[in-house]
Each structure stands twice: as C-alpha cells, then as structure tokens.
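Student: from the sequence below, what's the structure:
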Amino acid sequence: MTEVLAIEDNPDILSYYKQVLSDNGYKFRGAETAIAGLEMIKESWPDLLLLDLALPDLNGIEFLERIHKMNSSLPVVVVTAYPGLEVRQSCEDYEVKGFLLKPVDPDLLLRAISQALARPNHYSGFSH
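Tutor: Here you go, the predicted structure:
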C-alpha cells in the first residue's frame, strides 16, 4: 500500500487529507509540525510527502532543503495558500513534483499524487 505523509499545521486539513487518501487506498500518516514530520520520516520513509509551506516551526522551503539532502528522490507535492514566483522557483529547485493551491479539490489532490508517483522526474507545476 502506498504511504503518504502529510505535514500540515491545520488539523482540519489533515483530517480532510486522511479521509480522501484513506478512502482511495493510500496509507496515511500526518504531522502538524515540520519537526514531527522529520521524526516520522526518520522512522519510516513514506512513498510521497504532501507538504504545507507555512508551518509554525520551520518554513516549508527550509524543510524541503533538509529533505532533499536526506533523499532527493522522495516525491513531494506542495500545498499552499501563498503562491509566489519565489516560492515556485524554490519548489522547482528542490524538484517538487506538484504544486497545489488551497483549498484543494479532492480530485486534483489525487491526480497530483498519482502523477508524482507515476512520473517521479516530472514537475507538474501549479494546479488549483
């Protein structure tokens, strides 16, 4: 079973991800902080990381840098409410596989995850 780790500080959004992903055959783990997410990754690598960029303890770009140093092949889909050119460039620099804008439609979420897993070397860009 494909495992997705979501790092999102909003518990309602984490619950939403859990429901959508679990209902569609994914194993789900969630963390509300970057530090908790890093600990979960050290315990067991997920197949895909779903990452919010605005986290309370570490910004998402710094988190991407740390993850990229640990394992640059881990597929990452970023979900954010703050799309900017600088953010997009940073995501491309760290080989993010997808970029979704909040609020996320469940079909777009599932499509982005599926594409990231199927084509790990392809950047799918922004979706909303």
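Student: where does this protein have low pLDDT?
Tutor: Applying pLDDT under 70 to the chain flags residues 120-128.
Student: mind listing the helices for it?
Tutor: 11-23, 34-43, 60-70, 85-93, 106-118 (DSSP state H).
Student: count the residues that sit near Pro56.
Tutor: 10 (other C-beta atoms under 10 Å). C-beta coordinates here come from the backbone N, C-alpha and C atoms, glycine included.
Student: could you find the closest non-adjacent residue to it?
Tutor: Nearest residue to Pro56, sequence neighbours excluded (C-beta to C-beta, 6 or more residues apart in numbering): Asp9, at 5.4 Å.
Student: kindly list the main-chain dihedrals of the one you found?
Tutor: phi -80, psi -10 (degrees, to the nearest 10).
Student: how many other residues sit next to it?
Tutor: 15.
Student: which ones are touching Asp93?
Tutor: By C-beta atoms under 8 Å, 6 or more residues apart in numbering, no residues touch Asp93.
Student: go ahead and flag the most central residue of the protein.
Tutor: Geometric centre of the chain, nearest residue: Leu50, 1.7 Å, by C-alpha atoms, centre = their mean.
Student: separation between it and Ser90?
Tutor: 17 Å (C-beta to C-beta, to the nearest Å).
Student: ok, back up a step: what sits against the residue nearest to the centre of the chain?
Tutor: So Leu50 contacts 4-8, 17, 76-77, 79, 113 (C-beta under 8 Å, 6+ apart).
Student: nearest to Gly98 among the residues you listed?
Tutor: Val77 (4.0 Å; C-beta to C-beta).
Student: in space, what's closest to the closest one - neighbours in sequence excluded?
Tutor: Distances taken as C-beta to C-beta, 6+ apart put Gly98 closest to Val77, at 4.0 Å, once the chain neighbours are dropped.
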